[in-house]
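1. Pasting a predicted model and its sequence here:
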Amino acid sequence: MMRRLIPAPSPAWLVLPALGFTLLVFGVPLLHLLRMSFNTHPPDGIYELAWSLENYVAVLTDPVNLRTIRDTVLLSLITAVVTVVLAFLFAHAVWKRKGRVHLVLLAIALCPMLVSEISVIIGWRMFFPANGFLSYALVGTGLAEQKVNLLGTRFAAIVGLSYISVSYCFLTILSVMNAVDRDLITASGDLGASPLRTFLRVLVPLTMGGIIGAFTQAFVFSMGIYAAVNALGPDSLWSIGYEIQRQMLSRRDWPLASAFAVVLIVLISLTVIGLHALRNRRGPRHD
């Protein structure tokens with residue numbers, strides 16, 4: 001009697017456990033968040049059940065809230081650009097080296113991942129003030145005549161945000177570089193292209209998919225992080241994350257905080273979708 005062959009399960013069935021876990025852990029809280037954003041905030045409580053759009057109207061029409069959204073997006077875009085440039089240059093340096101130098105540079109690049117965000121913030125708060133290391137170094141080397149205080153500036157906030165996300169961007173770009181055929185770089189030089197022209201016209205286009213992926217990572221991280229912005233940036237710089245925290249803990253206005261969170265999720269989602277489409281069109285995928 002011939003044994004009946006059991007058909008192999010479809011690959012789609014293999015993702016069902018992970019999909020179910022994702023929907024349970026992230027989908028259900030997201031639905032609660034969305035529902036909370038339509039409630040109202042009573043003067044003597046946290047929220048009242050309702051179906052109102054007043055929270056979204058407040059988020060999208062109030063000048064202070066619009067400035068918060070604008071500052072968050074601009075800060076995240078600038079941070080993403082700075083982070084990708086630094087990560088790309090360092091990934092290129094690691095990619096060109098071999099042996100022990102390659103391993104040492106790789107270990108240096110991974111160091112920021114081993115430090116918690118709170119430790120990073122404390123370290124930069126000791127680096128940027130007038131009595132910090134940077135100020136003493138500038139005065140000691142003669143580059144500045146008097147002490148310099150960079151704490152509480154947008155520059156300090158960008159540095160802190162970039163430091164937090166640079167290692168992840170570095171790994172993304174380096175993984176794409178490792179898939180590049182080095183013979184193409186050699187052929188470009190043999191055909192008379194200068195190193196700079198080879199870098200800009202050959203290597204950058206071949207790694208564009210990784211660059212866009214790294215930019216997406218840095219942008220998403222910067223949009224969601226608020227502790228570094230609050231601790232290193234100026235008092236006038238409010239991020240969406242900080243506003244959500246303030247509404248939740250200080251004002252106890254959960255509906256408005258939920259509306260801010262929904263707007264933040266929509267902004268990040270639209271950006272990721274746009275960058276993903278650009279990545280598929282401009283560069284090869286290395287998933």
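-> Everything's here; your move.
2. what about V139, neighbour count?
-> 15 (other C-beta atoms under 10 Å). In short, each C-beta sits where N, CA and C put it, glycine included.
3. Could you list which residues are in contact with A193?
-> A193 makes contact with R201, V202, according to C-beta atoms under 8 Å, 6 or more residues apart in numbering.
4. again, 10 Å this time
-> Applying C-beta atoms under 10 Å, 6 or more residues apart in numbering to A193 gives the contacts I185, A187, F199, L200, R201, V202.
5. now, the most widely separated pair of those residues?
-> A187 and L200 (15.8 Å; C-beta to C-beta).
6. Buried residues, stretch 49-65. List them.
-> By neighbour count on 16 or more other C-beta atoms under 10 Å, the buried set for stretch 49-65 is N55, Y56, A58, V59, N65.
7. T40 versus the last one, what's the distance?
-> The one in question is N65. Going from N65 to T40 by C-beta to C-beta, to the nearest Å gives 17 Å.
8. now swap in the fourth one and tell me
-> Taking C-beta to C-beta as the criterion, V59 is separated from T40 by 14 Å.
9. Go ahead and confirm A231 touches P129.
-> No. Checked against C-beta atoms under 10 Å, the pair A231 and P129 is beyond contact range at 12.0 Å.
10. right, and the helix or strand after the helix or strand hosting I108?
-> Following DSSP states H and E, one finds I108 within helix 99-110. For helix 99-110, the following helix or strand on the C-terminal side (DSSP H and E) is helix 117-127.
11. What mean pLDDT does that following helix get?
-> Regarding helix 117-127, the rounded mean pLDDT is 90.
12. So which elements touch it?
-> Helix 117-127 sits against helix 133-140, helix 154-177, helix 227-232, with contacts defined as 3 or more C-beta pairs under 10 Å, 6 or more residues apart in numbering; DSSP states H and E.
13. Select, out of those, the one closest to L206.
-> Of the helices and strands packed on helix 117-127, nearest to L206 by C-beta to C-beta is helix 154-177, at 8.0 Å.
14. Now the closest one: buried residues?
-> Buried residues in helix 154-177 (16+ other C-beta under 10 Å): 154, 156-177.
15. I'd guessed N230 sits against S236; true?
-> No. Contact status for N230 versus S236: not in contact, 11.6 Å apart, counting by C-beta under 10 Å.
16. Neighbour count: these two, which is higher?
-> In this view N230 and S236 are compared by other C-beta under 10 Å, and N230 has more residues nearby, 18 against 9.
17. any idea what sits nearest the more buried one, other than its immediate chain neighbours?
-> Distances taken as C-beta to C-beta, 6 or more residues apart in numbering put Y242 closest to N230, at 5.2 Å, once the chain neighbours are dropped.
18. so which helix or strand takes in that neighbour?
-> Short version, using DSSP H and E: Y242 is in helix 240-245.
19. hmm, which of the contacts of A193 are the buried ones?
-> I185, V202.
20. any weak-confidence spans in the stretch 101-250 of the chain?
-> Counting by pLDDT under 70, the stretch 101-250 of the chain shows no low-confidence range.
21. quick revisit: which members of the buried residues of stretch 49-65 are positioned in helices?
-> N55, Y56, A58, V59, N65 (DSSP state H).
22. Kindly reformat those residues as CSV containing pLDDT.
-> Shown next, in CSV, are these (pLDDT from 0 to 100):
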residue, pLDDT
N55, 94
Y56, 95
A58, 94
V59, 94
N65, 94
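23. Let me have those residues in CSV, extended by distance to P17.
-> Listed next are these as CSV, based on distance: C-beta to C-beta, whole Å:
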residue, distance to P17
N55, 36
Y56, 35
A58, 40
V59, 37
N65, 40
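24. Validate this expectation: R252 resides in a strand.
-> No. Assigned with DSSP: H, G, I helix; E, B strand; the rest coil, R252 falls outside any strand and is coil.
25. how many other residues sit next to it?
-> There are 12 residues near R252, going by other C-beta under 10 Å.
26. how about it, phi and psi?
-> For R252, the backbone dihedrals (degrees, to the nearest 10) come out as phi 60, psi 30.
27. residues touching it, list them.
-> H41, G45, I46, Y47 are the contacts of R252 under C-beta under 10 Å, 6+ apart.
28. who wins for neighbours among those?
-> Neighbour max across those (other C-beta under 10 Å) = H41, 21 neighbours.
29. For that residue, which non-adjacent residue is spatially closest?
-> H41's closest residue in space is D253 (C-beta to C-beta, 6+ apart), at 4.5 Å.
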